[in-house]
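Novice: I would like the atomic coordinates for the input below:
(3 chains)
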Amino acid sequence: MPEGHHLHYLARTLTDVFAGRPIRVGSPQGRFESEARQLDGQVFEGAQAWGKQLFCEFPGERYIHIHLGLIGKLDITPYDGPVPDPVGQVRLRLVGDHHVADLRGATGCDLWTREQVEACVARLGPDPLRDALPDGSGDPERAWRKISRSNRSIGSLLMDQGVLAGVGNVYRAELLYRHRLDPMRPGETLRRRQWDELWADLVALMQDGVLKNRIDTVREEHTPEAMGRPPRVDDHGGEVYVYRRAGLPCLVCGTTVRTKELDGRNLFWCPRCQPTYRSRRSPRESPGRSPA
DNA sequence: GTCATATGTGGAG
DNA sequence: TCCACCTATGACC
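Specialist: The predicted structure follows:
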């Protein structure tokens, strides 16, 4: 769940159910106890997401910063009557008139000042879900400057939150598949036009992700209905081309989907739909062929 | 019941 | 590059 679309979904939902009224803030588990006490009973002013960072604003320019990490969850559930008892290790609990939000397993949960929020945001690349915002937080040009000057692979660059904010392992794999790009291709070999297309696609995919709170990347002609194949069933729910499909046939060409580790994360791609990139400038520079 | 794995990040060596 | 963080889930015994 926790790629950028999910954090924006959470920000939107938190704002919908809590904003403009006082809320209870607590830490049943205890690890956020002293911070929670300072905010308890204060007005929840709203939530915002920047990439995978989530900020909940309280009076006096105080912010709860949340980062879910790999396994964190923020459950927002309606209730009627008595407030339900917390289940498990709930580090942060927000209670409004009709909803309760429980945070478990997060990498980060901190009480921050505006300066700390700004410093965090300043380290992030542009967020496709902030596309075209005048503050530059969604300006694809900033990402392109880094990508077009880097010899690192595009697969690696897309996951670097300092280059692009909000893209995770699912969107990375799926975006590269949709654009038939070799994940190992160096950023500096991409053409400007290709980057424009990648960005536009990311904006559309992630906006769709926020609305549905799930990642669907399969084009209409490749949906289970269109192809008469069974829908995907796993804990993510969304329809995808290659993510976690290693060893299975590519939905489009039937070639076995491959996987390997890149920067400590699992990368997935179809070797036929995303053929290995080779520099066209000097054939003798091509690796593997020339005699040593 | 045990174990491996996961949509992420940061720090140690 | 490896590991720690921290929780839920599914596979397997």
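Novice: List the contacts of stretch A:142-161.
Specialist: Outside stretch A:142-161, the residues that touch it by C-beta atoms under 8 Å, 6 or more residues apart in numbering are A:51-52, A:123-126, A:136, A:162-164, A:167-169, A:171-172, A:175-176, A:181-188, A:190, A:192, A:195, A:199, A:262-263, A:265, A:267. In this view, the C-beta of every residue, glycine as well, is placed from N, C-alpha and C.
Novice: which among the residues you listed end up buried?
Specialist: Among those, those scoring as buried are A:51-52, A:124-126, A:163-164, A:167-169, A:171-172, A:175-176, A:181-187, A:190, A:195, A:199, A:262, A:267 (criterion: 16 or more other C-beta atoms under 10 Å).
Novice: Which of those residues fall in strands?
Specialist: Among the buried ones among the contacts of stretch A:142-161, the subset assigned to strands under DSSP state E consists of A:L262, A:L267.
Novice: how close does the one residue in chain A that gets nearest to DNA strand B sit to DNA strand C?
Specialist: With distances taken as C-beta to the nearest atom of the strand, chain A approaches DNA strand B most closely at A:G168, which sits 2.2 Å away. Between A:G168 and DNA strand C the distance, using C-beta to the nearest atom of the strand, to the nearest Å, works out to 15 Å.
Novice: ditto for A:L181
Specialist: 22 Å.
Novice: And A:L176, by the same measure?
Specialist: Using C-beta to the nearest atom of the strand, one gets 20 Å for the distance from A:L176 to DNA strand C.
Novice: Check what pLDDT that residue gets.
Specialist: At A:L176 the predicted local confidence, pLDDT, stands at 97.
Novice: Please apply the same query to A:D80.
Specialist: pLDDT recorded at A:D80 is 94.
Novice: Grab the nearest non-local neighbour of it.
Specialist: Computed as C-beta to C-beta, 6 or more residues apart in numbering, the closest residue to A:D80 that is not its neighbour in sequence is A:H98, at 7.5 Å.
Novice: Kindly report the same for A:I64.
Specialist: Nearest residue to A:I64 in three dimensions, chain neighbours excluded: A:C56, at 4.3 Å (C-beta to C-beta, 6+ apart).
Novice: And for A:A204, the neighbour number?
Specialist: Under the neighbour criterion other C-beta atoms under 10 Å, A:A204 is assigned a count of 12.
Novice: State whether it is indeed within a helix.
Specialist: Yes: when classified by DSSP: H, G, I helix; E, B strand; the rest coil, A:A204 is found to be part of a helix.
Novice: Just checking the distance from stretch A:4-24 to the centre of its chain.
Specialist: A distance of 17 Å separates the C-alpha centroid of stretch A:4-24 from that of its chain, computed with C-alpha atoms, centre = their mean, to the nearest Å.
Novice: And stretch A:128-137, end to end?
Specialist: From the first residue to the last, stretch A:128-137 extends over 9 Å; the measure is C-alpha to C-alpha, to the nearest Å.
Novice: could you give me the average pLDDT of it?
Specialist: The predicted model assigns stretch A:128-137 a mean pLDDT of 92.
Novice: tell me which residues of that stretch are tucked away?
Specialist: Burial within stretch A:128-137, assessed by neighbour count using 16+ other C-beta under 10 Å, is assigned to A:P128, A:L129, A:R130, A:D131, A:S137.
Novice: Dump those residues to a markdown table, plus distance to DNA strand C and secondary structure.
Specialist: Compiled in a markdown table, the buried residues of stretch A:128-137 are given as follows (distance: C-beta to the nearest atom of the strand, whole Å; DSSP: H, G, I helix; E, B strand; the rest coil):
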| residue | distance to DNA strand C | secondary structure |
| --- | --- | --- |
| A:P128 | 25 | helix |
| A:L129 | 24 | helix |
| A:R130 | 26 | helix |
| A:D131 | 30 | coil |
| A:S137 | 26 | coil |
